[in-house]
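In: Pasting a predicted model and its sequence here:
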Amino acid sequence: MAIRGIPALLVGDLNDYSKSFSRLMAFRALGLDVDAFSHSPAGDETLGFPRISFAFRVAWKLGFHLDTEGANRWLIEAIQRKRPRIVWIEKGNMIRRSTLLCIKALVPDACIASYTDDDMFNRTNTTWTYRHALSAYDVIFTTKSYNANPDELPAMGARRVVTVDKAYDPEQHFPVEMSEADRQTIGSDVGFIGSFEQDRALQMLALARAGIRVRVWGNGWDGFDPGEPNLAIERRPLVNSGGEMNYTQGICATRINLAFLRKANRDLHTDRSIEIPACGAFMLAEYSDEHARLFAEDEEAAYFRSTDELIEKVRFYLAHEERRAAIAAAGRARCVTGGYRHEDRVKFMVDTMLAMNGGGR
């Protein structure tokens, strides 16, 4: 379906380290005439997220996401100026139902979509505003396949839920040559880049106690200090931002990149599931059916199903560099040829929206 020149509005976190920003770039690469607005304040390039005020934290605890940037006002003003066919809202915890109904009244043929990477059936990820507005969206795109089950988002009022896989950004996730000095600075034999969760912390601690050195980068690790010399916790994230490619370099400098599934988010695959192979790096991931569908086991990625198997496979692949390199190369090829870019995913979703006959009304 031809989409070049189609007018669109996009609201999301448009800090340059965010996935929303990558999707905005995909919209523009596809040729859509898109106006965009960031619903999140300028973030911390080191942390990879905005610092939030005390008032914001209190409101969130009460179930509300303060519209600090004026996204609702911008949407109403932009609708009257742009008259788009597509209105794309990333997550939208602060977007009011009244705003969406106003859009429908002003531009009846516009298709309104919410895109989310999070488990939106989990109330810790949503606000009252989001839940109240859910039925006013024409379509919800989610990377959590179970959210499309009849007893999840549809039961909360979603009119149509479409599952789409995670993606990578070819401007950020690609092979980078790393020197041995680089590997010492930012890499490791076994590494993990991601936030703290108890299960993943205990599995990496088991690796360390088995005599395997592990390096961890990410937020939320300040309270975890088991005193294990083989477990190096850097207590800061690696972020691609401001022209620095620290996240990509960290992946490329690591011989075995671990990919855990976040239990609190009921993950079946994550951003790292795609980004690690896209960087041409070797991924050892927690097994799931979605992982196995995305990358063939022991051909394009390796998987573990228990802590014992994790330790066994780390030892095996550290000792078999050629096999590890071949799997990494095949994983990279799968990303490039398999339609795993943000642009590919966005094209699928835009085509879905345009086929909905004016938003399905």
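Out: Thanks, I have the structure now. The structure presented is a predicted model; accordingly, all values stated were derived computationally and were not measured.

In: can you pull out the strands in the stretch 1-150 of the chain?
Out: Along the stretch 1-150 of the chain, counting by DSSP state E, counting those that start in this stretch, strands occupy 7-12, 33-38, 86-90, 111-116, 139-142.

In: Give me the neighbour count for residue 169.
Out: The number of residues packed around residue 169, counting by other C-beta atoms under 10 Å, is 21. Using the backbone N, CA and C atoms, a C-beta is placed for each residue, glycine as well.

In: no wait, residue 96
Out: Residue 96: 18 neighbours (other C-beta under 10 Å).

In: same question, residue 198
Out: 10.

In: ok, it to residue 7 distance?
Out: 46 Å (C-beta to C-beta, to the nearest Å).

In: before we move on, what about residue 67?
Out: From residue 67 to residue 7 the distance is 24 Å (C-beta to C-beta).

In: Low-confidence regions, the stretch 251-361 of the chain specifically.
Out: 357-361 (pLDDT under 70).

In: run the last query once more with 90
Out: 263-265, 356-361 (pLDDT under 90).

In: in it, which spans are strands?
Out: 254-259, 283-286, 302-304.

In: Residue 79: which of those strands is closest?
Out: strand 254-259 (40.1 Å; C-beta to C-beta).

In: Send me the closest one as PDB with only the CA atoms.
Out: Backbone C-alpha positions of strand 254-259 (Å, rounded to 0.1, in the frame of the first residue of the first chain) are rendered in PDB as follows:
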ATOM      1  CA  THR A 254      31.100  -8.600  24.900                       C
ATOM      2  CA  ARG A 255      31.700 -12.200  23.800                       C
ATOM      3  CA  ILE A 256      28.500 -13.600  25.300                       C
ATOM      4  CA  ASN A 257      25.600 -11.200  25.700                       C
ATOM      5  CA  LEU A 258      22.900 -12.400  28.100                       C
ATOM      6  CA  ALA A 259      19.300 -11.700  27.400                       C
END
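
In: which neighbours does it have in its sheet, and in what orientation?
Out: Within its sheet, strand 254-259 is paired with strand 188-193 (parallel), strand 283-286 (parallel), according to DSSP bridges.

In: and residue 165, what does it touch?
Out: 143, 269, 274, 290, 294, 340, 345 (C-beta atoms under 8 Å, 6 or more residues apart in numbering).

In: Export those to TSV and append columns for neighbour count and distance to residue 17.
Out: Conversion of the contacts of residue 165 to TSV gives the following (neighbours: other C-beta atoms under 10 Å; distance: C-beta to C-beta, whole Å):
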residue	neighbour count	distance to residue 17
143	23	18
269	24	20
274	28	16
290	19	25
294	23	23
340	24	20
345	22	19
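
In: Can you flag which of these belong to helices?
Out: 274, 290, 294, 345 (DSSP state H).

In: these two touch, right, the third one and residue 274?
Out: Yes. If you go by C-beta atoms under 8 Å, residue 294 and residue 274 touch, sitting 7.2 Å apart.

In: Next, show the common contact partners of these two.
Out: With C-beta under 8 Å, 6+ apart as the test, residue 294 and residue 274 both reach 165, 340.

In: circling back: buried deepest among the strands paired with strand 254-259, which one?
Out: Most buried of the strands paired with strand 254-259 by mean neighbour count (mean count of other C-beta atoms under 10 Å) is strand 283-286; its value is a mean of 24.

In: mind listing what the nearest residue to residue 257 once chain neighbours are set aside touches?
Out: Leaving out its chain neighbours, the residue that sits closest to residue 257 by C-beta to C-beta, 6 or more residues apart in numbering is residue 276, at 4.7 Å. The contact partners of residue 276, taken as C-beta under 8 Å, 6+ apart, are 251, 257, 259, 282, 283, 331.

In: May I have the phi/psi pair for residue 223?
Out: Main-chain dihedrals, residue 223, degrees, to the nearest 10: phi -90, psi 0.
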